[in-house]
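Visitor: Sequence first, predicted model second:
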Amino acid sequence: MNFLELVQVRYSCRDYRIDPVRRDVIDRCIEAARLAPSACNAQPWKFIISDGDPLRKDLAEQAFSGIYSMNTFAKNAPVIIAVLRQSKSYAPKLGGMFRGTDFSLLDLGMACEHLALQAAEEGLGTCFLGWFHEKNVKKILHLPLASKVDLLISLGYPARNTSPAKNRKNVEEIREYR
């Protein structure tokens, strides 16, 4: 599969089979994320992988409990990945202050997309969950309150073998040559 085909088949999967995901497969996804570019090579990411109960269920519940009720599918994903932002390098922070851009968030986005595309290559589905109870996630993972969990990613084998049609803007709406 070429790159554009891979991008076309990747989608936000919200229905998973119960099959476990082998750790070597998960590790390839993390390796793809590790190789992502980052501002000043800061690599401001850490991935905490939960592929066993009860921790996985406890994490998933933080994405669909209380006001966070839209992600109920997360409880069926065999893997939940917590994505932490660890901005320790001063150079991208300084550049970000001048530009008004938090480069570590851009870096995290690239790393997570690398992870998602490798997962698609492995026949796995992913969904980025930004709506969750972060304080409870930190408590479950025994993280300091000052840590930053920006994202949870559900991961597993899709229940269906077909990806839904993509509803995207026409290329003419987003492209402009000058």
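Guide: Yep, that arrived. Numbers count the residues shown, from 1 in each chain.
Visitor: can you pull up the bridge partners for residue 153?
Guide: residue 81, residue 128 (DSSP bridges).
Visitor: So for residue 88, what's the pLDDT?
Guide: Looking at residue 88, its pLDDT stands at 72.
Visitor: right, I mislabeled it, should have said residue 91
Guide: 60.
Visitor: Residue 73 now?
Guide: So residue 73 comes in at 91 (pLDDT).
Visitor: Who's the closest spatial neighbour of it, skipping the chain neighbours?
Guide: In space, and not counting its chain neighbours, residue 73 is closest to residue 14: 4.2 Å by CB to CB, 6 or more residues apart in numbering. Where C-beta positions appear, they are placed from N, C-alpha and C, glycine not excepted.
Visitor: burial measure for the one you found, as a count.
Guide: For residue 14, the number of neighbouring residues by other CB atoms under 10 Å comes to 17.
Visitor: three-state assignment of it?
Guide: Secondary structure, DSSP: H, G, I helix; E, B strand; the rest coil: residue 14 is coil.
Visitor: element containing residue 120, please.
Guide: helix 103-121 (DSSP states H and E).
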